[in-house]
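[1] predicted model and sequence follow; I will ask about them next.
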Amino acid sequence: MFLLIWMTVFLSGISADTGASVWGQQHCPQQGYCVTLSEGELTAEAGLCVVIPCSFTTIFTPTHVIWSKRIKAGQIWYLNRIFDTYKSQSVQSEFRGRVSLLEPDVSQRNCSIMINYLRESDSGFYQLRVDGSKQSEAFTFTSKAAVTVKGLSQKPTVVIPPLTAGQQSTLTCTAPGLCSGSAPNITWSWRGKGNNDSYITGNTTEFKTENVTAGTQRHTSALTFDPSAVHHGTEITCTVSFRGAITTEETKTLNVSYIRKPQISGSTAVNEGDVLSLTCSAESFPPSVIMWTKLSSNTTLHNGTGSATLVIPNVTAEHSGQYICTANHLTTTLTERVTVTVTWITEIQTGSVCELQSDVLTCWCVSEGFPLPTFKWPLLEDHTQYSVVTSVSKQTVNSTVTVRNHGNTAVECVASNENREVKANLTIQTKLPEAGKSEEIFQTASRLEVIIAFLIGVVLSAVVCCLAIKCHRNKQKKSENVDETMEMIIPQGNMLVHENGAVDRGTTDTELNSGPKDVEYASIDFSLLKRMRPSEVARRKQESTETEYSEVKRQVREEKKEDAGEEGETLERKEEEVMVEEDEETRHYKVASNVEHSVRSTEAFKTKAASRN
C-alpha cells in the first residue's frame, strides 16, 4: 500500500540525491533520533494533493505526531501547526481537514502525510515532531521537507466514444490527481453555435469514486445522452472544481455521424431553350455521396461529394419529368424527388383559318403548349356581340370565335402562356350560302346530265354507223358474188364452147382476128325467160355437172357458206338469203343457157359467112 503511495509521490516530482534511501536521505541529529525525508523539492498543483513521505526512529515509544509549517517573519522563523494527532484544535484553521496521516498507527513510525486541496500559499518547508507518553519524551527534527505548489495545470481526462445520431452514448470525465479528500465537483457543458455555453439537456450524469489504494481515489463523471446532428461540431467541456475555488477543465469537439434530409435548390420550372440548374446537398458527417438520376432511367446524370449540381442546357419538353437526388451515407440512403416542368408553346398551327358566310365571320385558332395556352382576339375589342368557344385535347387548345364581319381582310390570333407569346394573321375565306350552294350543285348536276347524254348519243351513233357499214358491206359482197358469176360465164364470150364443155382458144382467136372486125350483136329476149323452181334447178344442176357452170356454182356456194359464218345474222335472215340466192341462181341458169345458145348461133352464123367469102 505504501509502496504505491510513494511511487505516486515520486512520479509527482520527488527527487533524491545519490546515496539516498528509497524514501529520501536519513538525518540523525542525535543518537537514537533519525528521520528520513525527501531532500528534493516536492512539486504539486493547486487543488490537488501532495504526499510528504516520512519515517523516523526514537528511543521512546511515540504516541503523537505533529507536523508544522515554517513561517518566516522578518528574520525569525515561526512554526505553524498543520497537523496534530493529539490536539486537532491547535491546528491552523486553513489546514484543518486538509492534512491526514497515511498510517494512523504512530507506533509504526510512519509519519507520511497527505495535504489535500492544495493552495499556492501552501508552498514552504515542513518539519516533524514526535511526542511520547511522558512529557519529557518529545523530539523535533530539524530536517525539513520542501513543498512547492503551482497553479493547477492538469486537466480532466475526457473519453468520447464514436457518436452516431440517434444512438445513445456515454462520455466520461476523470478528475486529475488521486487524492483522498472530498470529491470534487464535476460538471458538463457544451458550446453550440454562437459560442454560447449551456448545459446539455436530456442527459443523465453519474459520479463515481474509485479507491485505487489506501488514501488514493479516482473521481469520474459519466454523461449519457442521445447525440444528434445538433451536437455535431460543438464543443463539450468537463469542468472539475476543487475546494478553494480551484477549477480545471477539458474541452473536446464532438463529431457525430449523421445525415440530414437532402435539400434541392434551383428553379424547377424553366422555359424551353433555357438552362436547367438544380443543386442537391445533404448536410452530413462524414460527407455523403450525392447522385442525380431521372425517373425510369438508370443513368447517373451527375454526382458529387456533399453536394451535386445538375445542369442541362437548352432544355426541351422531353426534359420534363421527375428527378431524384440520392444521398448515400455510410449505411444510410436518403432520396429527395423534384418535378421539373418545361414550359413551351408552338406557333399557331396551319389549321387555323377564318370563314365568312352571310356576313358571319367564324375563325378557328389552334396552338399547343404547357401550360395550356390562352387565346386573345384583338378583333373582339371593337365588338360587343360575339361568341368564343374553347376546346382542349391533351396539350392542344382550339379557340373558335364567331362575330359579325365588318370588312376585315385578316384576323389576328394571339396565343400565350408562361413561356412566350405567339401570333398569326388568319386569312378569311368566303363561303357561299346554302341556297347558292344548292343551285351550284344543281347546275353542276345538269351539266353532268348533258355531258352524259351527249356521250350516250355519241356511243349510239357509233353503234348505228357500225351496223350500217356492216350491212352495206354484206350487200356489197352479195353483188360481188353475182358479178363474179357473170364474169365466169360472159367474159369468155370470145371462147368457143363445145358440147363437151371444152374451149378451143387458139382456133377461135385466130379466126376472129383474121375476119372483119365489125361488131356483131346478138338479140336476146329476156321476156321469154321463165322462172324455174328450185327443185328443177337442182335437177338440172345435177344433169349438167360437167359444164362450166357447175364449177361456178360450187364457187358461189362456198362463198355463201363463208358469208353464213358472219356474226350478228339471225336464222330468219339466213333463210331469206337462201331463197333469194336460189331465185338468182335460177335466173342465172336461164340466162346462161340462153346466152350459150346465142353464142353458138352467132358462131354458126360467122362460119357460114366465112364460107361464102
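    Received the coordinates, thanks.

[2] elements contacting the host helix or strand of residue 209?
    For residue 209, the host element (DSSP states H and E) is strand 204-213. Applying 3 or more C-beta pairs under 8 Å, 6 or more residues apart in numbering; DSSP states H and E, we find strand 204-213 packed against helix 2-11, strand 216-225. To be clear about C-beta, it is placed using only N, CA and C from the backbone, and glycine gets the same treatment.

[3] can you flag the weakest of those by average pLDDT?
    Ranked by mean pLDDT, the helices and strands packed on strand 204-213 end with helix 2-11 at the bottom, a mean of 39.

[4] what comes into contact with the strand holding residue 209?
    With contact meaning C-beta atoms under 8 Å, 6 or more residues apart in numbering, strand 204-213 is reached by 1, 4-5, 178, 183, 186, 188, 217-225.

[5] state the number of residues packed around residue 416.
    16 (other C-beta atoms under 10 Å).

[6] that one bridge partners, please.
    Beta-bridge partners recorded for residue 416 (DSSP bridges): residue 374, residue 421.

[7] just the pLDDT for residue 19.
    With respect to pLDDT, residue 19 scores 27.

[8] ok, residue 510 next?
    At residue 510, pLDDT is 39.

[9] now a PyMOL select for only the buried ones of the contacts of strand 204-213.
    Here is the PyMOL selection string for the buried members of the contacts of strand 204-213, based on 16 or more other C-beta atoms under 10 Å:
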select buried, resi 5+178+186+188+217+219+220+221+222+223+225
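
[10] now, which of the contacts of strand 204-213 sits nearest residue 139?
    residue 5 (24.8 Å; C-beta to C-beta).

[11] residue 347: which of the contacts of strand 204-213 is nearest?
    Nearest to residue 347, judged by C-beta to C-beta, of the contacts of strand 204-213 is residue 225 at 65.6 Å.

[12] tell me who's in contact with residue 32.
    57-59.

[13] let me have those residues in a markdown table, extended by pLDDT.
    What follows is the contacts of residue 32, written out as a markdown table (pLDDT from 0 to 100):
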| residue | pLDDT |
| --- | --- |
| 57 | 95 |
| 58 | 94 |
| 59 | 94 |
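
[14] any of these buried? List them.
    Buried by 16+ other C-beta under 10 Å: residue 58, out of the contacts of residue 32.

[15] and the contacts of residue 32, which of them are in strands?
    residue 57 (DSSP state E).

[16] returning to that earlier point: dump the strand holding residue 209 to PDB, restricted to CA.
    In PDB, the C-alpha atoms belonging to strand 204-213 read as follows (Å, rounded to 0.1, in the frame of the first residue of the first chain):
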ATOM      1  CA  THR A 204     -28.000  11.700 -17.000                       C
ATOM      2  CA  THR A 205     -24.800  12.200 -15.000                       C
ATOM      3  CA  GLU A 206     -23.300   9.600 -12.800                       C
ATOM      4  CA  PHE A 207     -20.500  10.300 -10.400                       C
ATOM      5  CA  LYS A 208     -18.100   7.600  -9.400                       C
ATOM      6  CA  THR A 209     -15.300   7.400  -6.800                       C
ATOM      7  CA  GLU A 210     -12.900   4.600  -7.200                       C
ATOM      8  CA  ASN A 211     -10.400   3.700  -4.400                       C
ATOM      9  CA  VAL A 212      -7.200   3.000  -6.100                       C
ATOM     10  CA  THR A 213      -5.100   2.400  -3.000                       C
END
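
[17] what strands line up against that strand, and which way round?
    With DSSP bridges as the test, strand 204-213 is paired with strand 216-225 (antiparallel).
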